[in-house]
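Visitor: My questions are about this predicted structure, shown below with the sequence.
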Amino acid sequence: MLTPAHMNALDRLVPMPRLLERHSVDLAAEPDRVWRVARHLDFSKSPFVRALFAVRTIPGRLGGTAPVPLELTLDSMRSTPERPGFQVLEETPPRELAVGAIGKVWHLDIPFVHLADSDAFAAFHAPDQVKVAWAIQIEPLGEHDARLTVELRVDATDDEAWGKFLSYFRLVGPASRFIRHAMLRAISAELGTPESRENERPLAGDDLLADASEQVTHGITIDVSPESIWPWLVQMGCRRAGYYSHDLLDNANVPSAREIHAELQHIEVGDILPATPASDEGFEVLRIERFRALVLGGLFDVSAGMQRPFWAARPDRYWHVTWSFALERLNASSTRLHVRARAAFPTSGRLHRMWIGPVHALMERAQLRNLKERAEGRLAPDSPRDVLAGIGGAGAMAVAFFTPFLRNARSHWGLDADSAARRLPGDDLVPDPRWGWTHAVEIEAPADAVWPWVAQIGADRAGFYSYQWLENLAGCKLRNAESIHAAWTHHDGDGLVLHPDAPPLHVTTDPDRRWFVAHGPASVEARGAGKPWVEVSWLFLVEPLGSDRCRFVSRFRCASSGDLATRLQFGAALVEPVGFVMDRRMLLGVKSRAERACHEAVASPA
């Protein structure tokens, strides 16, 4: 329910409209200026509008009534007992103005009802009449702009009148919408839009390169607060979170982050955010205004092929650039992200400018689009890359299914047979398995750095670091984590969720943070009654192999009743090909995440 503080004029005049249409435009002007232009706009200047009103006067002219000179400004909308019609009902400069009329609008020569004021309009309820009200509403957007909305509301005093209006509006509705759109276009043409004036406005960082010979500005409106966008910006960089653009071109085809990484949130002026995967050169952090602006830049010596400090003397051949990300709060729920690139260069750099300009525009538009999706939480569960990987995984499962003679070799992938056969924690939970596997991968990272990745595995936690698209195709509804979330760490008594519709497996953990085992016990009742049963255990073990290396081991054991149906459903013939492919991918997924995190920790700006 709307409170008086949140109600606009139309909420009072037509609180329960049967028809509501709203059109808006964002303008590069402050509310006071928008108000002056919209308040004094003359609709009669439009040839189309004049033609529409000429049609409306045909019956009167045929009857011998001389047409009244057309005047279509808000000031001309006055209703009198002698000439009832549309009138300004409420006006609150520079925020809102509402116009309304009551009558049998389906007539060519409309018999309007004269009303003294807005209270009389709101209270009117005589039968066979239609209430029409429209308003211009202006709200500030950020520091320089405003949003102009034209809203139409229609109601009828009875169902019979509403039916007549609907037939009439099917004919005139398109013209009515055209007039409203024409009004907004005319005002936009006079005042401009934020996008059209974006490159003209001063932004943070402009002063750092006062003699820039080139400047280009892009922007996007994101429906969250600046505080929600800021973490995505500060973690940018190759070997960090990427740049959220075309990863093939600017991040060595490594996917840009799809979540906020706590370990990448601290940067300082003077830090270098790598621009390429193989070099420590990149964008120097020049200015940080928390939640408002992040300014990057660089001075690049073209002849020497190296980066110099931003404030160093320019060599003969150089590119001197700034790259500013400015956050402008528009209202309580949206932010404008302005991104501006400025460059200074000698005449020898013109050829480079010819091709780098279009490339920058391509990359910047993709970056803004992808940042918006991330900040608003609208990323698709699975990216095209996930789908392609999943298709490859499905192919590998098919190969494994048709090669049962390789099952024994697959059962100890990553380990020799003797190492795979040794006793490990949790074996006593399923002491006599019908089948199982022991897979492993060696990781170039300390065990203590790998364990947190392993300890958060689960469909309701960090996922399984495997073929995400295939998992979601099966209904798991998960997203593989890119970073460590302490709250997801398994503890004794937790449940390992494999699928939302399956009962979780009971978790037992090692006090020394080296392993946890998940157990799904057999039904005691079913086993005692000779009915079908199945029992499984799944061990996740991290073994140190020195101070900087470790091994991640996954052991799965399955026992079941001997009936054919259970052996088919839970036996190796069907489950092992899928399990091998998904488990191998999980091991490699942990390996890549842990090794990358360790590398980032070393390379990250301190």
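Guide: All right, it came through fine.

Visitor: Which helix or strand in this protein has the lowest average pLDDT?
Guide: Across the helices and strands of the chain, mean confidence by mean pLDDT, DSSP states H and E is lowest for helix 58-62: a mean of 55.

Visitor: Would you mind identifying the next helix or strand past that one?
Guide: Following helix 58-62 in sequence order, the next helix or strand is strand 87-92 (DSSP states H and E).

Visitor: Paired strands for that next one, with orientation please.
Guide: strand 96-103 (antiparallel) (DSSP bridges).

Visitor: tell me what whatever helix or strand comes next after the partner strand is packed against?
Guide: Following strand 96-103 in sequence order, the next helix or strand is strand 112-113 (DSSP H and E). Using 3 or more C-beta pairs under 8 Å, 6 or more residues apart in numbering; DSSP states H and E, the elements in contact with strand 112-113 are strand 96-103. Heads up, the C-betas are built off the backbone N, CA and C, glycines and all.

Visitor: how about the strand it packs on: buried residues?
Guide: For strand 96-103, a neighbour-count test (16 or more other C-beta atoms under 10 Å) marks Glu96, Leu97, Ala98, Val99, Gly100, Ala101, Ile102, Gly103 as buried.

Visitor: any chance of the residues you listed in a markdown table, with pLDDT and distance to Val553 too?
Guide: Formatted as a markdown table, the buried residues of strand 96-103 follow (pLDDT from 0 to 100; distance: C-beta to C-beta, whole Å):
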| residue | pLDDT | distance to Val553 |
| --- | --- | --- |
| Glu96 | 96 | 68 |
| Leu97 | 96 | 72 |
| Ala98 | 96 | 71 |
| Val99 | 96 | 75 |
| Gly100 | 95 | 75 |
| Ala101 | 96 | 79 |
| Ile102 | 97 | 79 |
| Gly103 | 96 | 82 |
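
Visitor: so where does the spatially most central residue of the chain fall, helix or strand?
Guide: Residue closest to the average C-alpha location in the chain (C-alpha atoms, centre = their mean): Glu373, at 1.9 Å. Per DSSP H and E: Glu373 is located in helix 350-375.

Visitor: what comes up buried for that helix?
Guide: His360, Met363, Glu364, Ala366, Gln367, Leu368, Asn370, Leu371, Lys372, Arg374, Ala375.

Visitor: now for the longest strand anywhere in the chain, which elements pack on it?
Guide: Looking across the chain with DSSP state E, the single longest strand is strand 318-331. Applying 3+ C-beta pairs under 8 Å, 6+ apart, we find strand 318-331 packed against strand 130-141, helix 226-234, strand 293-301, strand 334-344.

Visitor: coming back round to it: could you point out which of the buried residues of strand 96-103 is nearest to Leu184?
Guide: Comparing the buried residues of strand 96-103 against Leu184 with C-beta to C-beta places Leu97 closest, at 14.9 Å.

Visitor: mind listing what that closest one touches?
Guide: By C-beta atoms under 8 Å, 6 or more residues apart in numbering, Leu97 lies in contact with Ala9, Arg39, Leu74, Val88, Glu90, Glu91, Ala135, Ile136.

Visitor: any chance of the residues you listed in CSV, plus neighbour count?
Guide: Shown next, in CSV, are the contacts of Leu97 (neighbours: other C-beta atoms under 10 Å):
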residue, neighbour count
Ala9, 22
Arg39, 17
Leu74, 18
Val88, 17
Glu90, 19
Glu91, 16
Ala135, 23
Ile136, 24
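
Visitor: can you list contacts of stretch 523-538?
Guide: Under C-beta under 8 Å, 6+ apart, the answer for stretch 523-538 is 426-427, 429-430, 496, 505, 517-522, 554-561, 563, 565-566, 570.

Visitor: Produce a ChimeraX select command limited to the buried residues of those residues.
Guide: In ChimeraX, this line selects whichever of these come out buried by 16+ other C-beta under 10 Å:
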select :426,427,429,430,496,505,517,518,519,520,522,554,555,556,557,558,559,560,561,566,570
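
Visitor: Identify those among the contacts of stretch 523-538 that sit within helices.
Guide: Among the contacts of stretch 523-538, the residues falling in helices (DSSP state H) are Ala565, Thr566, Phe570.

Visitor: For the last one, give me its contacts.
Guide: If a contact means C-beta under 8 Å, 6+ apart, then Phe570 has Val534, Cys558, Ser560 as its contacts.

Visitor: cutoff 6 Å now
Guide: Val534, Ser560 (C-beta atoms under 6 Å, 6 or more residues apart in numbering).

Visitor: So it versus Glu259, what's the distance?
Guide: Noted for Phe570: a distance of 34 Å to Glu259, by C-beta to C-beta, to the nearest Å.

Visitor: rewinding a little: between strand 318-331 and the helix holding Glu373, find me the angle.
Guide: 30 degrees (axes from the mean of the first three to the mean of the last three C-alpha atoms, to 10 degrees).

Visitor: Tell me the helices and strands packed up against the next helix or strand after helix 350-375.
Guide: Remark: after helix 350-375, the chain's next helix or strand is helix 384-401, criterion DSSP H and E. Applying 3 or more C-beta pairs under 6 Å, 6 or more residues apart in numbering; DSSP states H and E, we find helix 384-401 packed against helix 468-473, helix 572-603.

Visitor: Now mean neighbour count too, for these, in TSV please.
Guide: As requested, the helices and strands packed on helix 384-401 are exported to TSV (neighbours: other C-beta under 10 Å):
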stretch	mean neighbour count
helix 468-473	21
helix 572-603	18
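
Visitor: nearest to Thr217, of the ones you listed?
Guide: For Thr217, the closest of the helices and strands packed on helix 384-401 is helix 572-603, at 30.8 Å, according to C-beta to C-beta.
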